[in-house]
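Enquirer: only the shape, not the letters, is given here:
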């Protein structure tokens with residue numbers, strides 16, 4: 001990279017950091033996700049139902065994923081964890097669910113993830129006012145139709161369900 005292009009990149013990154021929305025434009029998204037280990041928040045919404053711990057999953061079909069997955073997304077610049085949880089809850093689950101944070105942690109980077117090397121921050125929460133739909137449902141285990149990701153999400157869901165048993 002030439003010094004001129006490096007200067008331009010520095011200016012663009014400073015501009016991005018100043019953006020109060022913390023949003024990476026679509027045109028820059030692929031390059032950013034390959035260049036940096038970006039932080040994500042996984043919304044592990046759990047409940048106790050008929051004696052079993054369940055996790056809320058959403059269904060998506062896009063360029064990267066097809067199937068049931070853990071809701072979440074990129075942790076925006078200048079958001080606290082709580083602000084990030086609220087923002088992603090509205091985007092992924094709609095305006096109704098009110099989340100209560102029970103526990104938090106981190107999920108190690110996946111070296112074979114389609115977004116390259118994300119770092120996921122885990123938010124295990126309970127929710128009020130969740131309305132199930134064909135694209136948002138409760139599961140007490142790994143569902144059929146889980147996203148094809150070499151088993152990462154399946155192992156993660158089983159770990160969350162075990163940990164949540166002591167929380168709900």
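Expert: Sure thing, it's come through. In this text, all values refer to a predicted model and were calculated from it rather than measured experimentally. Residues are numbered from 1 along each chain as shown.
Enquirer: hmm, who's touching stretch 140-154?
Expert: 49, 52-55, 57, 59, 65-70, 110, 112-113, 137, 157-158, 161 (C-beta atoms under 8 Å, 6 or more residues apart in numbering). C-beta here means a position set from N, CA and C on the backbone, and glycine is covered the same way.
Enquirer: now with 7 Å, please.
Expert: For stretch 140-154, the surrounding residues in contact (C-beta atoms under 7 Å, 6 or more residues apart in numbering) are 52-54, 57, 65-70, 110, 112, 157-158.
Enquirer: can you give me the buried ones in it?
Expert: Using 16 or more other C-beta atoms under 10 Å as the test for burial, stretch 140-154 gives 142, 146, 147, 149, 153.
Enquirer: so which of the residues you listed belong to helices?
Expert: If you go by DSSP state H, the buried residues of stretch 140-154 have residue 153 in helices.
Enquirer: so which pair among the buried residues of stretch 140-154 is furthest apart in space?
Expert: 142 and 149 (11.5 Å; C-beta to C-beta).
Enquirer: what's the weakest-modelled helix or strand in this structure?
Expert: Sorting the helices and strands of the chain by mean pLDDT, DSSP states H and E puts helix 26-35 at the bottom, at a mean of 79.
Enquirer: ok, now which ones touch the most centrally placed residue in the chain?
Expert: Note on the chain: the residue nearest the mean C-alpha position is residue 72, at 2.4 Å, using C-alpha atoms, centre = their mean. By C-beta under 7 Å, 6+ apart, the contact list for residue 72 reads 40, 41, 42, 43, 88, 92.
Enquirer: can you report phi and psi for it?
Expert: Backbone torsions for residue 72, taken as degrees, to the nearest 10, come to phi 160, psi -170.
Enquirer: so what's the closest residue to it other than its chain neighbours up against?
Expert: Ranked by C-beta to C-beta, 6 or more residues apart in numbering and with sequence neighbours excluded, the top spatial neighbour of residue 72 is residue 42, at 4.3 Å. By C-beta under 7 Å, 6+ apart, residue 42 lies in contact with 70, 72, 107, 120, 122, 123.
Enquirer: ok, what's across the strand from the fifth one?
Expert: The one in question is residue 122. Beta-bridge pairing for residue 122 (DSSP bridges): residue 42, residue 105.
Enquirer: what about this structure, any weak spots by pLDDT?
Expert: Residue ranges of the chain with pLDDT under 70: 107-118, 149-151.
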